[in-house]
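Colleague: model this:
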Amino acid sequence: MRHPVTKAVIPAAGLGTRFLPATKALPKEMLPVVDKPAIQYVVEEAVRAGIRDVLFVTGRNKNALENHFDRATELEMILRRKGDEAKLLRVAESTDLANVHYVRQGDPKGLGHAVLRSKAHVGGDSFAVLLGDDIIDSRDPLLERMLEVHDQRDTCVVALMEVDTDQAHLYGIATVDATEEEDVVRVRGLVEKPEPGTAPSNLAIVGRYVLKPEIYPVLEQTAPGRGGEIQLTDALLTMADHHAQGGLHGVVFRGRRYDTGDRLDYIKANVQLAVEREDLGPGLRAWLKEFVGTFGD
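Modeller: Got it, this is the predicted structure:
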């Protein structure tokens, strides 16, 4: 039975300790990438793929995130009185993006537990999971392709990217078999953050998933794993063995991904996205050439 995908789940309960003290009072998802919060890029990606029902799984101190997707009546009134239509449109943009819902994770028991908390909202349909640390360039339709593979094969789908071997221990790594489609593989095994030098491949899971509702009973039976948390990777490995339910497939993504998960990559993401902008790119590129030149050889 095919399950249409109309809902996206975005886990957003993390404390963002890598960015302290900036995240002491501000959710890490609200850190700006150029001029809008990182989390807005993720919601925009879901909407581009035709998904307008978005559930955030949040924790404490996430009020700023909720406010961002709510209407800012007083601010809109001030901008309207000033006749500043350009800023008014930008303020209203996040409000009108999608139908946004929230549920608290409660105890921080891992990504698998966060996904499980979406069960009451999602119900018996397939759904997408988008992690906020990864921004996918709007010119590269990864989620759309994953939804297509899910629909064609009636399977759970994960996004995979090739990474340097010396970086494999930072990711969940997949063991795969080729299919008749160049960018689609069947996933046979998954290892969460393998010890350096032991990774079975260089194909890493990045933060995009399309999951069938059968994942929920699997998650309910998944024991805590690495770090004492319920690992989504462990549940996906079980799904990979369920051939009658379509197993698990991966879409190998070779497009542009911006990682906002640590400080250096966050800075790179800001620069990479800004240089592509018509309003900022020319001046920034000129300044970067001059600035880099000050370092000599």
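Colleague: so, low pLDDT: which residues of the stretch 151-297 of the chain?
Modeller: Along the stretch 151-297 of the chain, the parts satisfying pLDDT under 70 run over 243-245, 296-297.
Colleague: show me where the stretch 51-200 of the chain has helices.
Modeller: For the stretch 51-200 of the chain, applying DSSP state H, counting those that start in this stretch gives helices covering 63-68, 73-82, 85-95, 111-116, 119-122, 142-153.
Colleague: can you lay out those as TSV showing mean neighbour count and distance to Arg52?
Modeller: Glycine gets a C-beta too; all of them are placed from N, C-alpha and C. Below are these laid out as TSV (neighbours: other Cβ atoms under 10 Å; distance: least, Cβ to Cβ, whole Å):
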stretch	mean neighbour count	distance to Arg52
helix 63-68	16	17
helix 73-82	12	21
helix 85-95	14	13
helix 111-116	24	20
helix 119-122	16	14
helix 142-153	19	13
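Colleague: tell me how far Arg208 lies from Phe295.
Modeller: Using Cβ to Cβ, to the nearest Å, Arg208 is found at 36 Å from Phe295.
Colleague: who has more neighbours out of the two?
Modeller: Neighbour totals were compared for Arg208 and Phe295, and Arg208 leads with 24 against 6 (other Cβ atoms under 10 Å).
Colleague: doesn't the more buried one lie inside a helix?
Modeller: No: counting by DSSP: H, G, I helix; E, B strand; the rest coil, Arg208 is not found in a helix; it is strand.
Colleague: that one: what's its closest spatial neighbour, skipping adjacent residues?
Modeller: Spatial nearest neighbour of Arg208, chain neighbours left out: Ala159 (3.9 Å); criterion: Cβ to Cβ, 6 or more residues apart in numbering.
Colleague: report how many residues lie close to that neighbour.
Modeller: Applying other Cβ under 10 Å, we find 24 residues neighbouring Ala159.
Colleague: tell me the contacts of it?
Modeller: By Cβ atoms under 8 Å, 6 or more residues apart in numbering, Ala159 lies in contact with 142, 146, 205-209, 250-251, 253.
Colleague: which of these are buried? Put it as a ChimeraX command.
Modeller: Here is the ChimeraX command that selects only those of those that count as buried (16 or more other Cβ atoms under 10 Å):
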select :142,146,205,206,207,208,209,250,251,253
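Colleague: what strand or helix carries the closest residue in space to Asp259 that isn't next to it in sequence?
Modeller: The shortest distance from Asp259 to any non-neighbouring residue, by Cβ to Cβ, 6+ apart, is to Asp265 (4.0 Å). Following DSSP states H and E, the helix or strand that holds Asp265 is helix 263-275.
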